[in-house]
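A.B. asks: Provide a 3D model corresponding to the input given below.
(one chain, ligands or ions: 1)
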Amino acid sequence: MSPRLRVRRSVRTTHTAVLAGVLLTGTVLAPAASASYGPLYKNPHLPVSVRVNDLLKRMSLDDKIGQMVQAERGAVTPAQAADLKLGSILSGGGSVPASNTPTGWADMVDAYQKAAVGTQLGIPTIYGVDAVHGHNNVYGATIFPHNIGLGATGDPDLVERIGRATAEEVAGTGPQWDFAPCLCVARDDRWGRTYESFGEHPDDAVDNSSAITGLQGRRLGERKGSVLATAKHFIGDGGTLDGVDQGNTVISEAELRKIHLPPFKAAIKRGVGSVMISFSSFQGTRMHAQQYLITDVLKKELRFDGFVISDYNAINQIDGQEGFTHDEVRLSVNAGIDMFMVPWDAPQFITFLKDEVAAGHVTLDRINDANKRILAKKFELGLFEHPYTDRSFQKTFGSKEHRDLAREAVRESQVLLKNDGVLPLDKKNNKIFVAGKNANDIGNQSGGWTLTWQGQSGPVIPGTTILDGIKSGAGKGTTVTYDRAGNGIDASYKVAVAVVGETPYAEGQGDRPKGLGLDAEDLATIAKLKATGVPVVVVLVSGRPLDIAEQLPGFNGLVEAWLPGSEGAGVSDVLFGDHKPTGKLTVSWPSSFAQEPINVGDGKKALFPYGYGLTYRR
Ligand code: GLC
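C.D. replies: Next up, the predicted model:
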């Protein structure tokens, strides 16, 4: 018996007759309301396709165009969002409610939902955030290592568990959609988003697409505390010329398919619910106008059945001019983008799209395709049945369990690059001098996308710094002295630890076209420590390999800590040998800046090759 005729045994009420009638005829009968649910689309026992088709028939053009639009919370009140019939609201990086707490967030998100559900059709809105290393907008959330560190763990199961923990902290505060994971394949370390990548080989993103299963579950709606995931940014964001953010990826289509497509195939296999389009261009055409890649490749060839969202104001860039035009609206809608992140310009976008439909430049079929995709995910997520925040998950927010998981990830992500025997540090009867701008700075060790879009230095979130970890890890008879610049160091110390590297940045503000060397402060700190003859362990806190070949001979030990997040003590767990280093590089480490881009298999001789990482002999 074909599945279409197999009416679910469990349903023995009038729905059966309605359902059989619907399925047999293949079309929706006159929208007969089943007694207890009202219109068909409100009946959770019916197949999603039936619910979508029924709802679509009841929607006006305004309803449908509104569903395709996402606005920034700061741009519209809940009432305005409902009046515009918006399908989604977002918090851009750092866009937080007055009370940046789980309750403040849940109240805010639920207010938008109440307004949406209160409209005639009651289509719930979906609220999106960038929870890219934990629920990083919210004060007190567990902040996990950024992806480049997670890639170094070589542990996709850990990444899945982090996805689950992140989903719980997000869901408990309201948002139902996470613009993560970034499945970019970073091919040039000068790119400011290198740290958002799991590594330079496509397999790094393929393997760690397990984050999607953590965020969504094996199937959307399967378990509470899940959120819609986003595979981003389609396609070639990490392959631009010279690593310029939002630049031009000028490789062949064959190379694009070989390097940048596999992660999206893996994401689709895992049932990812949304895909975000890249700001970048491919062969000179902005991705947001690439109908062949979005519709023919992503939707048809790869059979992606979720919905496609634009990036933040990205359609404005299609013609290279400020703002967006009717042409850019038409090009991006017809390219196959389904929802538009037009944070501050929703009304204008709606007007322009209505104009384009009226002029016959955008077909109703295209509008309906976008709506079917968006509505299907809202039904699958269970938003129609459970539109409001499940605040029971707030107990997981910043919990000890999640912080322990984050510390485990920090430990596993550490990569030991050099050790003349100085590591592991003796816990007992030691005299340790700690220096460097990143030793006692939880903002620096968390990096970008932390409380704000760009991140910031300082004691900005709760957690442990690397210095905290060294102090708490030190045993009987050991003293730990800290001075950021190294003042006070002398030959009486047995070892010095210099924690140096980068300060926070995000996206293009992290592009480094001129060099990736240590800054003057770091070089001075290390020199001061070395001048005493005390062995020096350098710990790099950075979102990418740095150009340290010249200084390397002077290091007795070198550990790449990446951007560990709130649980810096995980670094000292490795420095003291409580956890032997197991991390391996998923990026080739350049012998000099001039080598960029440098990638596994390109024949260039790296200082430390892809896959490199030492451990302790004792
Ligand atoms: C940003 C990023 C994207 C993010 C979006 C929403 O510009 O490119 O990764 O999800 O805007 O904040």
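
A.B. asks: residues in contact with the residue in the stretch 451-600 of the chain positioned nearest to the ligand?
C.D. replies: Among residues of the stretch 451-600 of the chain, the one nearest the ligand by Cβ to the nearest ligand atom turns out to be residue 507. It sits 6.1 Å away. The C-beta positions use only the backbone N, C-alpha and C, and glycine is treated the same way. With contacts defined as Cβ atoms under 8 Å, 6 or more residues apart in numbering, the neighbours of residue 507 are 192-193, 245-246, 448, 453.

A.B. asks: which of these tops the neighbour count?
C.D. replies: Counting neighbours by other Cβ atoms under 10 Å, the top entry in these is residue 448, with 28 neighbours.

A.B. asks: next, give phi and psi for it.
C.D. replies: phi -70, psi 170 (degrees, to the nearest 10).

A.B. asks: pretty sure it contacts residue 508?
C.D. replies: No. Contact status for residue 448 versus residue 508: not in contact, 11.2 Å apart, counting by Cβ atoms under 8 Å.

A.B. asks: show the contacting residues for residue 90.
C.D. replies: Residues near residue 90 by Cβ under 8 Å, 6+ apart: 70-73, 127-129, 179, 341, 343.

A.B. asks: give me the number of residues near the closest residue to the ligand within the stretch 101-250 of the chain?
C.D. replies: Going by Cβ to the nearest ligand atom, the ligand is nearest to residue 179 of the stretch 101-250 of the chain, at 3.5 Å. Applying other Cβ under 10 Å, we find 27 residues neighbouring residue 179.

A.B. asks: which ones among the contacts of residue 90 map onto helices?
C.D. replies: Secondary structure assignment (DSSP state H) places none of the contacts of residue 90 within helices.

A.B. asks: can you give me the strands for the stretch 301-450 of the chain?
C.D. replies: 307-309, 340-341, 415-419, 431-435 (DSSP state E, counting those that start in this stretch).

A.B. asks: which among the ones you listed is found nearest to the ligand?
C.D. replies: Go through the strands of the stretch 301-450 of the chain one by one with Cβ to the nearest ligand atom and the one that ends up closest to the ligand is strand 340-341, at 6.5 Å.

A.B. asks: contacts for the closest one, please.
C.D. replies: Among residues not part of strand 340-341, those counted as contacts by Cβ under 8 Å, 6+ apart are 68-70, 90, 309-315, 332, 349.

A.B. asks: per-residue pLDDT, residue 474?
C.D. replies: Confidence at residue 474, expressed as pLDDT, is 98.

A.B. asks: neighbours around it, how many?
C.D. replies: Every residue meeting other Cβ under 10 Å relative to residue 474 is counted, giving 20.

A.B. asks: contacts only, for it.
C.D. replies: Counted by Cβ under 8 Å, 6+ apart, residue 474 has contacts 427, 430, 432, 480.

A.B. asks: out of those, which is nearest to residue 253?
C.D. replies: Within the contacts of residue 474, proximity to residue 253 (Cβ to Cβ) peaks at residue 432, which comes in at 54.1 Å.

A.B. asks: skipping its backbone neighbours, what lies nearest that closest one in space?
C.D. replies: Taking Cβ to Cβ, 6 or more residues apart in numbering as the measure, residue 432 lies nearest to residue 480, with 4.9 Å between them; neighbours along the chain are not counted.

A.B. asks: quick one: residue 183 and residue 229 touch, right?
C.D. replies: No. Taking Cβ under 8 Å as the contact criterion, residue 183 and residue 229 are not neighbours in contact, 10.2 Å apart.
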